[in-house]
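> need the 3D shape of this:
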Amino acid sequence: MAARISELVLSCRDPEVLARFWCEVLDFVVLDREADGSLEIGPRQGAGGPQPTIILSREDEPANAKSRLHIDINATDRDQEAELERLLKLGARPADVGQTGEEPWHVLADPEGNEFCLLKARLNPL
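I've put the predicted structure just below:
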């Protein structure tokens, strides 16, 4: 038997801001709010499905090192360039991690600077 990822936890200064951003990017909704300000976002059908939920955990301390994990996303209903335009309008910004410009993906950062990649292939929605 194997395991699967059920939740991703992202420490951040402002869970509400990141929840709005990532809910728009992934078509997620807020599933739970904790007293400490942390939020869980996920697919509209809730937790436990094929996609992991994301817990946005409030952390007031600044990040002291580059994250060793990032999220890769793929568009489901448009091509990569149209999705890039949509993400930039939502508040993503280009990020430079040393790429050459020849890569078939775009490196971006969310409103708090967390890097993620927009891959070229279009995936079928779940």
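> please count neighbours and contacts with C-alpha atoms only from this point.
Noted.
> please name the nearest non-neighbouring residue to residue 62.
Nearest in space to residue 62, with sequence neighbours left out and distances taken as Cα to Cα, 6 or more residues apart in numbering, is residue 13 at 7.9 Å.
> thought that neighbour was touching residue 58?
Yes. With contact defined as Cα atoms under 8 Å, residue 13 counts as touching residue 58 (5.5 Å).
> tell me where this structure has helices.
15-26, 80-90 (DSSP state H).
> what does the last one rub up against?
So that's helix 80-90. 21, 24-25, 74-75, 106, 118-122 (Cα atoms under 8 Å, 6 or more residues apart in numbering).
> kindly report the same for the first one.
With contact meaning Cα under 8 Å, 6+ apart, helix 15-26 is reached by 12, 28-30, 37-39, 41-42, 56-58, 87, 90-91, 110-112.
> list the buried residues in that helix.
15-16, 18-19, 21-23, 25 (16 or more other Cα atoms under 10 Å).
> which stretches of this structure have low pLDDT?
1 (pLDDT under 70).
> domain parsing for this structure?
By the record's domain assignment, the chain is partitioned as 7-60, 69-126 (automatic domain parsing).
> what about the shortest one, distance to the chain center?
Spelled out, that is domain 7-60. In terms of Cα atoms, centre = their mean, to the nearest Å, the centre of domain 7-60 is found 9 Å from the chain centre.
> end-to-end on it?
Start and end residues of domain 7-60 are separated by 21 Å (Cα to Cα, to the nearest Å).
> and for stretch 105-112?
Using Cα to Cα, first and last residues of stretch 105-112 are 20 Å apart.
> pull the residues that contact that stretch.
By Cα under 8 Å, 6+ apart, stretch 105-112 touches 12-13, 17-18, 21, 84, 91-97, 115-120.
> give me the buried subset of the residues you listed.
12-13, 18, 21, 84, 92-95, 115-120.
> I'd like to know which of those is nearest to residue 63.
residue 12 (8.5 Å; Cα to Cα).
> if we can go back for a sec, winner for burial among the domains of the chain?
Of all these, domain 7-60 carries the top mean neighbour count, a mean of 17, counting by mean count of other Cα atoms under 10 Å.
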